[in-house]
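Q: task: produce atomic coordinates for the following.
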Amino acid sequence: MDKECIELCNALNQIDGIKTTGSCSGHGVNDYWIAFQIESYSNFWKLYQLACVNGIDWEIMPSDFNNDLIVPKHFILKSKYKGSEALNKAQELSREITKIFNRVNIIMDAIHQSTKVLLNGKYVDIDNEMVEVIKELNRLGYETSGCCIGTEDYAWINIQETDENKMVELMEILQGTEYILSKSLYFKDGNIYVQYRLETPNYPDNHNNIKSIKTVNDWANKLKKIKKLQYKKYNYFTLDSLFG
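A: The predicted structure is shown next:
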């Protein structure tokens, strides 16, 4: 391994679900790149946000596909710079990865207390602060697939729902609270599915998650007032303008 790649490879390998498989420093004239494979997409998207969106100094591209030609598992992380500039950017990214992912792991272990909750016939571990809102969402017919109270930034809930009308109705229910609702794709068993993410804003000075906990409680209180969904039908323009 090129010695200039060791620090960044070590940083990447500390991310749960990511394992490096090759690297090259570029030797001053060629591209600086690191190959890696993933076991899940949860931390991959955090890495992508950090390297390609926040810093805008790196590119991440798939290097191969599985047999279904749908779900890439192997990627190349490539610097947009060469030579000494690329090495400096690699050091910066290494420090950011270590700072963010180590901090997340420490905080998660230290403050996240969970409760086993029976949902759809299965017991699942849920952060204590999220139990009420998750119960209410499932009571109304929304299938949740994951949640987190956050690590002093924002809380989130993943919702697997095929009916966009139900998601618009959820937005109406939550009026008067602070929330962000986005739509994305996820991969499972070689297929692509749609899911939604309900998030609190990324609050500044959100020590001990106080602000995000308050917002999550606001959501739960709104949902408790609803006996059942009305299953409204919204026009195409409304759905398209909200979710694309």
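Q: now the residue nearest to the spatial centre of the chain, nearest residue through space, not along the chain?
A: The centroid of the chain falls nearest to S42 when counting by C-alpha atoms, centre = their mean (5.3 Å). Closest residue in space to S42, ignoring its immediate chain neighbours: G17 at 6.6 Å, by C-beta to C-beta, 6 or more residues apart in numbering. Backbone N, C-alpha and C define where each C-beta goes, glycine included.
Q: please name the nearest non-neighbouring residue to Y179.
A: Once flanking residues are discounted, Y179 sits nearest to L198: 6.0 Å by C-beta to C-beta, 6+ apart.
Q: C-alpha coordinates for the helix or strand containing that neighbour, CSV please?
A: Assigned by DSSP states H and E, L198 belongs to strand 191-199. C-alpha atoms of strand 191-199 as CSV (Å, rounded to 0.1, in the frame of the first residue of the first chain):
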residue,chain,number,x,y,z
ASN,A,191,-34.6,-4.8,-5.9
ILE,A,192,-35.2,-1.0,-5.6
TYR,A,193,-37.8,0.3,-3.2
VAL,A,194,-39.1,3.7,-2.2
GLN,A,195,-38.9,5.0,1.3
TYR,A,196,-39.5,8.3,3.1
ARG,A,197,-37.5,9.9,5.8
LEU,A,198,-39.1,12.1,8.4
GLU,A,199,-36.5,14.3,10.1
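Q: who are the packing partners of it?
A: The criterion is 3 or more C-beta pairs under 8 Å, 6 or more residues apart in numbering; DSSP states H and E, and the helices and strands that strand 191-199 contacts are strand 156-160, strand 180-188.
Q: check contacts around A86.
A: S25, G26, D31, Y32, S79 (C-beta atoms under 8 Å, 6 or more residues apart in numbering).
Q: distance of the first one from C9?
A: Right, S25. Distance of S25 to C9, computed by C-beta to C-beta, to the nearest Å: 11 Å.
Q: pop the domain breakdown of the protein in here.
A: 3-110, 112-243 (automatic domain parsing).
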